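Chemist: I would like to see how this sequence folds:
(3 chains)
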Amino acid sequence: MRDADYPSYLEPLNPEQREAVLHTGKPLLILAGAGSGKTRVITTKIAWLIREKGMDPRSILAVTFTNKAAREMAERARLIDERAGDAMLRTFHSFGAWFLRRNGKLAGLDSSFVIYDDDDVVSLLSTIMENAPKPEVKQCAHNISRAKDYFLSPEDPLLAKIDGRKKFREIYARYEERMAQIGNVDFGDLIKKPTEILRSQPKVARRFRERFQVIMVDEYQDANVAQFHLLKELCGTETYVCVVGDDDQSIYRFRGAEVKNILEFPDRFSGADIIRLERNYRSTSPILQAASSVVDYNNGRLGKTLRAERGEGPLPVLAYLPDQDIEADYCADKIESSVKNGEAKWSDWAILYRTNAQSLGFETLFLRRKIPYRVVGSLKFYEREEIKDALALLSFMVNPRDEVAFRRVVNKPTRGVGPVTAQKIIETSIINGGDLLETGGKIELAQKARSGINAFFKVINDGLALLENEVADNGEKTADGKEAPPKKRKQSKKKQQGLVSGEGLSVLVAQLVKDSGIANYHEAQDEVTGNIRLNNLQELVNAASLYPQNREGLLEFLEHIELDRSLEDDSNKTSDPKNSVTFITFHNTKGLEFRRVIMTGIEQGIFPREDKKGEELEEERRLFYVGATRAMDELYLTTCAERRMYGRTLPSQPSLFLREIDRGCLQIYDKPAERQSFYKRQSFAGRSFNQFSLPAVSAANNEVEERAGWKRGQRLFHEDNGYGAVMEVRDSEDGPVVRVRFDSGKETRFLSEFQGRAYEKMGDDY
DNA sequence: TAGTTTTAAGTTTTT
DNA sequence: CTTAAAACTA
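Modeler: So this is what the prediction gives:
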């Protein structure tokens, strides 16, 4: 194809991007730096394959790591060509779930499995590891999860890399047995099981290889070993495979991600071509330089040179602030004034933090100051007790072998069915094939327990009846519409039964939550703690209304909840997410961009965390790089002198990463320029960042030097005057005076107590 | 045994 | 300061 013949949608691409889109015939590795337009490449490639290569959209599989990314990709591909909507765009995990619903039977897995989250796994494990302390159980759950990331079964000798103890193998094996018995899966299974099926069932493998002729993987640097194996199994000799990644943005090592995957791609997929995308279209040059200068400190990089196509812009600003309250003030002020003077919109701004807990301070302040914000990806909603209870009811309906769900809600509210009775039912039913509903109905029990169980089962069976009766989800809606909603409408006037059901599946969810007594149970708690839990249950009911009221609808609903918890936390419904400031963790920003970014809490111990060294420190550095490269126009970094943690206030040091930023591309804000009120305590006025970046000084020679914190010969650095050395330290009425001679020849004196903060101590080699 | 009060412990990051 | 586990009371 000659230049002139390029379709118009290839016009905006640069030569490397175009080469990547047009590439065909061999495996392809695209090394795409931050902001280099990789999403554009993938989406354009999908469209191009359909339009120019006449490829069936259904034969294209594109895998991402987050649902957000998958949705965005689908949307953008469809803009180029409507048919791209038929391509399969999923996360690895949702692809795995899709695969298992259809082919799980080959591994003895019923198609109506439910996905266990980490909490459920811990619950199950604690029944295996009897009376082990909780932290130990959690550690074990984590190790099992890691084992699956590395595609290791209980028998695998390589398991020693994670935990070599025989006891661990046994627990892992026992856990797998129980999971098989229950018929549910965990996150790791969503990758591991499909891979195993593809390996053991050549027919299935052939079918999939025929279907997916093109497979693309985004964020390949975050793929784990199991995902690599899955990819390998899906690829036949004819499959065109194309992966996109950036080793500098690998931030999920703790979850089993293997950078090796990307480094070794050319070996694992022989004959692979490599295309580099090194033009950054997102950030201005100083932002990119600041980010790059930090990640440059890492070893073992593939290495690349990103060029900032946008050219110059304002320097990133480092704000050194007294504490986290003032940090929040600083953010709010910056944002508010930019909006008030028409420079920016609320949605141009993002506040980044290392841990979810840090969002709280910003939330309370922004709420008070009436600045619209949204919190991205706080998983809190689905972790709430009341929500988990409701979901357990639904899960148990779908899979009556689910002992974890059963145990959770059988005696909630109390029905006289204690743990002893529950255990008896579980043990007996395992002998009889596992169906708790069936066995629990027949088994002989004490009268109190029997009536409790019957009451519980009635709720479940009523729910099931509702589910099965609803054959056509549109036409039949009135059938139960006569039953449930009028009852609730009547009661919705009364404060107690506030749950209102709407369309579809929400009818079932509302009924179940109400009849089971879960609603009342939590409502009673609300009387004491404030009225939130019932509202949360209502939210869940509302969410269910998007799904049809039948078995498939329920399964879809549950699967969606397990795999995509990034739903907006719309607790502050007053603000429109499209016109709000974004609060987000560094991890969650991957793949996103904002005009203006504030990276907060850039302090030693928080970012990087105290215990990070070696490989893990490098990962923190990459995380810093990811965060900084989200910014298009302006970047701010904040660091506090002290920080509240566990209710205690502790002194805090600026992050190592701040020192690694090229001096030339950072503007330091440490004077109370526009708002004196930032500085609660006088002692912070004029205190410079440099002073705080230093460790405590070693013991001085004499008493005065000790008090001053400076001794003769100490090399130092000053913002305006450059490098120099201490000539003399003597006492005075106002405290120790330090005499300095700069390398320029200029001499000066300062009072160590005050101006001393403007001088940074340096090693002798400066 | 259920439900409450007291005490201790603890914060990564996520599909 | 918040949450989870242990201890305690009725």
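Chemist: separation between whichever residue of the stretch 601-750 of chain A sits closest to DNA strand B and residue A:375?
Modeler: As assessed by C-beta to the nearest atom of the strand, DNA strand B sits closest to residue A:646 within the stretch 601-750 of chain A, at 3.8 Å. Every C-beta, even on glycine, is put in place using the N, C-alpha and C of the backbone. Residue A:646 is 22 Å from residue A:375, where distance means C-beta to C-beta, to the nearest Å.
Chemist: how many neighbours does residue A:202 have?
Modeler: 9 (other C-beta atoms under 10 Å).
Chemist: check what pLDDT it gets.
Modeler: For residue A:202, the pLDDT comes out at 95.
Chemist: go on, the one 3 residues further on?
Modeler: According to the model's per-residue confidence, residue A:205 sits at a pLDDT of 96.
Chemist: touching the strand or helix carrying residue A:226 from outside, list them.
Modeler: Assigned by DSSP states H and E, residue A:226 belongs to helix A:225-234. Contact with helix A:225-234 is made by A:61, A:63, A:92, A:96, A:148-151, A:188, A:191-192, A:194-195, A:198-199, A:205, A:208-209, A:212, A:215, A:217, A:223, A:241, A:256, A:258, A:261, A:268, as judged by C-beta atoms under 8 Å, 6 or more residues apart in numbering.
Chemist: what's the offset of that helix from the middle of its chain?
Modeler: 22 Å (C-alpha atoms, centre = their mean, to the nearest Å).
Chemist: which parts of that helix are buried?
Modeler: Under the neighbour-count criterion of 16 or more other C-beta atoms under 10 Å, helix A:225-234 has A:225-231, A:233-234 buried.
Chemist: show me which of those residues is closest to residue A:284.
Modeler: Closest to residue A:284 out of the buried residues of helix A:225-234 is residue A:227 (34.9 Å), distances taken as C-beta to C-beta.
Chemist: my guess is residue A:197 meets residue A:106, correct?
Modeler: Yes - with contacts counted by C-beta atoms under 8 Å, residue A:197 reaches residue A:106, the gap being 5.2 Å.
Chemist: between those two, which contacts overlap?
Modeler: residue A:204.
Chemist: between the two, which is the more surrounded one?
Modeler: Set residue A:197 next to residue A:106 and count neighbours by other C-beta under 10 Å: residue A:197 wins out with 21 against 16.
Chemist: ok, residue A:564 - how many residues close by?
Modeler: 16.
Chemist: not counting sequence-adjacent ones, nearest residue to it?
Modeler: Among residues not flanking residue A:564 along the chain, residue A:67 sits closest, at 4.3 Å (C-beta to C-beta, 6 or more residues apart in numbering).
Chemist: surely that neighbour touches residue A:563?
Modeler: Yes - contact between residue A:67 and residue A:563 holds when scored by C-beta under 8 Å: they sit 7.0 Å apart.
Chemist: between these two, what contacts are shared?
Modeler: In contact with both residue A:67 and residue A:563: A:91, A:94, using C-beta under 8 Å, 6+ apart.
Chemist: count the residues that sit near residue A:593.
Modeler: 16.
Chemist: about what we covered before: quick check: mean pLDDT of the helix holding residue A:226?
Modeler: 96.
Chemist: please see if it touches DNA strand B.
Modeler: No - judged by C-beta under 7 Å from any atom of the strand, helix A:225-234 and DNA strand B are separated, with a smallest distance of 9.6 Å.
Chemist: export only the CA atoms of the next helix or strand after that helix, formatted as PDB.
Modeler: Downstream of helix A:225-234, the first helix or strand assigned by DSSP H and E is strand A:240-245. C-alpha atoms of strand A:240-245 as PDB (Å, rounded to 0.1, in the frame of the first residue of the first chain):
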ATOM      1  CA  TYR A 240      -1.400 -12.900  15.100                       C
ATOM      2  CA  VAL A 241      -0.300 -11.700  18.500                       C
ATOM      3  CA  CYS A 242       0.500  -8.200  19.500                       C
ATOM      4  CA  VAL A 243       1.400  -7.000  23.000                       C
ATOM      5  CA  VAL A 244       1.800  -3.400  24.100                       C
ATOM      6  CA  GLY A 245       3.600  -2.400  27.300                       C
END
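Chemist: could you check the angle strand A:240-245 makes with helix A:225-234?
Modeler: Computed by axes from the mean of the first three to the mean of the last three C-alpha atoms, to 10 degrees, the angle separating strand A:240-245 from helix A:225-234 equals 160 degrees.
Chemist: neighbouring contacts of strand A:240-245?
Modeler: The contact list for strand A:240-245 (C-beta under 8 Å, 6+ apart) reads A:23-25, A:27-32, A:38, A:41-42, A:45, A:213-222, A:231, A:235, A:262, A:265, A:269.
Chemist: just the buried residues out of the residues you listed, in ChimeraX syntax.
Modeler: Here is the ChimeraX command that selects the buried residues among these (16+ other C-beta under 10 Å):
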select /A:23,27,28,29,30,31,32,38,41,42,45,213,214,215,216,217,218,219,220,221,222,231,235,262,265,269
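Chemist: now the strands for the stretch 251-400 of chain A?
Modeler: Counting by DSSP state E, counting those that start in this stretch, the stretch 251-400 of chain A has strands at residues A:273-277, A:279-280, A:307-308, A:317-321, A:349-353, A:373-375.
Chemist: again with the stretch 551-700 of chain A
Modeler: A:581-585, A:594-599, A:631-640, A:642-645, A:648-651, A:667-669.
Chemist: for those strands, give me TSV that also has mean neighbour count, mean pLDDT and distance to DNA strand C.
Modeler: Below are the strands of the stretch 551-700 of chain A laid out as TSV (neighbours: other C-beta atoms under 10 Å; pLDDT from 0 to 100; distance: least, C-beta to the nearest atom of the strand, whole Å):
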stretch	mean neighbour count	mean pLDDT	distance to DNA strand C
strand A:581-585	24	93	17
strand A:594-599	24	97	24
strand A:631-640	25	96	17
strand A:642-645	15	88	7
strand A:648-651	10	84	7
strand A:667-669	16	83	29
